[in-house]
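Participant: any chance you can model this:
(2 chains)
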Amino acid sequence: MMSLALDAFSWILLLMGSAFVIIGGIGALRMPDLYTRMHAASVTDSTAPLLILTGLMLQADVGLYALKLGAILVFLLLSGPAASNALASAALLWGDGTNSKNTEDSP
Amino acid sequence: MFTVTSAAIAITMALALVRAIKGPSQYDRILAVNMIGTKTVLLLSALAFLMGRPDFLDLALAYALINFIGVLAVLEFFRIKTKGADS
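Facilitator: Got it, this is the predicted structure:
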């Protein structure tokens, strides 16, 4: 009974993570300019690993695998926002043009 | 269930690849490459449970480390290319 509840909970987490991944991918493809695309991609960088790796962690029966998944999760949560910050500041400071260059269909 | 998650991650990698090919500026391409790297880590983790070979988790951990360093290295290359090495 307990394992069934854990299975159901991890399935819910995995499905929610898949939904967030798909939504972020569609957003990164269809958003109009660079910073909004970065916003959509940050969803798949922080929320989706949190849900998917937690769901996988509930499925791991050996403690070492759960520990490795936790290490991957901690590192992704540390490095994803840092990479996004570096990319945004690089595009803002050293970008070779104004915002209109990064926009596909600027008014 | 792992199949659904792996398929969703693979679809998102394809969308990010389209963005990397289409992207008007170089920062869009770096953003797409960063997305693909993160999705690779997630896909390796899901495949480890899908195929029943949890050794893939070590590969996922190593790839997460390499991906972050790679993005920072490319951004530093852009800084040097635009502003010169001494700024």
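Participant: chain A versus the most centrally placed residue in chain B, what's the distance?
Facilitator: What sits nearest the mean C-alpha location of chain B, by Cα atoms, centre = their mean, is residue B:37, with 1.1 Å. As judged by Cβ to the nearest Cβ, to the nearest Å, residue B:37 and chain A stand 9 Å apart. Every C-beta, even on glycine, is put in place using the N, C-alpha and C of the backbone.
Participant: pretty sure that residue contacts residue B:72?
Facilitator: No: look at residue B:37 against residue B:72 with Cβ atoms under 8 Å: they stay out of range, at 11.9 Å.
Participant: which elements pack onto the host helix or strand of the residue nearest to the centre of chain B?
Facilitator: Assigned by DSSP states H and E, residue B:37 belongs to helix B:26-50. Under the contact criterion of 3 or more Cβ pairs under 8 Å, 6 or more residues apart in numbering or on different chains; DSSP states H and E, helix B:26-50 touches helix A:2-30, helix A:34-59, helix A:63-93, helix B:2-22, helix B:56-83.
Participant: name the residues of the fourth one that come out as buried.
Facilitator: It stands for helix B:2-22. Within helix B:2-22, the residues that count as buried by 16 or more other Cβ atoms under 10 Å in any protein chain shown are B:2, B:5, B:6, B:8, B:9, B:11, B:12, B:13, B:15, B:16, B:19, B:20.
Participant: leaving out sequence neighbours, find the closest residue to the third one.
Facilitator: What it means is residue B:6. Spatially, and ignoring its direct neighbours in sequence, residue B:6 is nearest to residue B:46 (4.7 Å; Cβ to Cβ, 6 or more residues apart in numbering or on different chains).
Participant: residues in contact with the one you found?
Facilitator: Contact analysis of residue B:46 by Cβ atoms under 8 Å, 6 or more residues apart in numbering or on different chains lists A:52, A:56, B:2, B:5, B:6, B:9.
Participant: in JSON lines: those, plus distance to residue A:31.
Facilitator: Output for the contacts of residue B:46, formatted as JSON lines (distance: Cβ to Cβ, whole Å):
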{"residue": "A:52", "distance to residue A:31": "22"}
{"residue": "A:56", "distance to residue A:31": "29"}
{"residue": "B:2", "distance to residue A:31": "29"}
{"residue": "B:5", "distance to residue A:31": "24"}
{"residue": "B:6", "distance to residue A:31": "25"}
{"residue": "B:9", "distance to residue A:31": "20"}
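Participant: nearest to residue B:61, of the residues you listed?
Facilitator: residue A:56 (13.3 Å; Cβ to Cβ).
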